[in-house]
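J.: here's my sequence, what's the structure:
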Amino acid sequence: MSPSELWRFFPLGYLFSILIETPVLLIGLSRCHPIRRRLAAGIWLTACTYPIVVLVLPFAFTHSSRAVYLVVAEVFAPVAECILFWLAYGDSEQVGKVSMWRDFGAIVLANLASFIGGEILGAYDWFGLPG
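T.: Numbering: from 1, shown residues only. All right, here's what the predicted structure looks like:
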């Protein structure tokens, strides 16, 4: 895709991602995080990684297969989001505890859900962009 196509897709894809990821985080993040924080995480974490996944990485991997791009992008996003979430809200008392792993699992699951949803919509050309 050209840069203009990616920029045209960007707001729609971001909205789609937060609509999928936020409910997963609301339910999945540990109860030590207030609802407001869980809701904010659905918007904030995606806002941090989505521009890199959609606007930067496609050009970094222009001479690679789509599979290589997807592996890098779909590993980068949840790992970066786990790190960001931990840096913002992590507590040294929670290291290695169930709540930490639950938070990380919820972030990974949220990213997986939006990836799968995006692949399904993309397969049916629901985004209206060339593949």
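
J.: sec struct for residue 126, please.
T.: At residue 126, secondary structure determined by DSSP: H, G, I helix; E, B strand; the rest coil is coil.

J.: which helix or strand contains the residue nearest the centre of the chain?
T.: Using C-alpha atoms, centre = their mean, the residue of the chain that lies closest to the mean C-alpha position is residue 111, 4.3 Å off. Here residue 111 sits within helix 98-123, counting by DSSP states H and E.

J.: which neighbouring elements make contact with that helix?
T.: Secondary-structure packing of helix 98-123 (3 or more C-beta pairs under 8 Å, 6 or more residues apart in numbering; DSSP states H and E): helix 3-28, helix 35-51, helix 66-89. Glycine gets a C-beta too; all of them are placed from N, C-alpha and C.

J.: if we go to 6 Å?
T.: Here helix 98-123 touches helix 3-28, helix 66-89, going by 3 or more C-beta pairs under 6 Å, 6 or more residues apart in numbering; DSSP states H and E.
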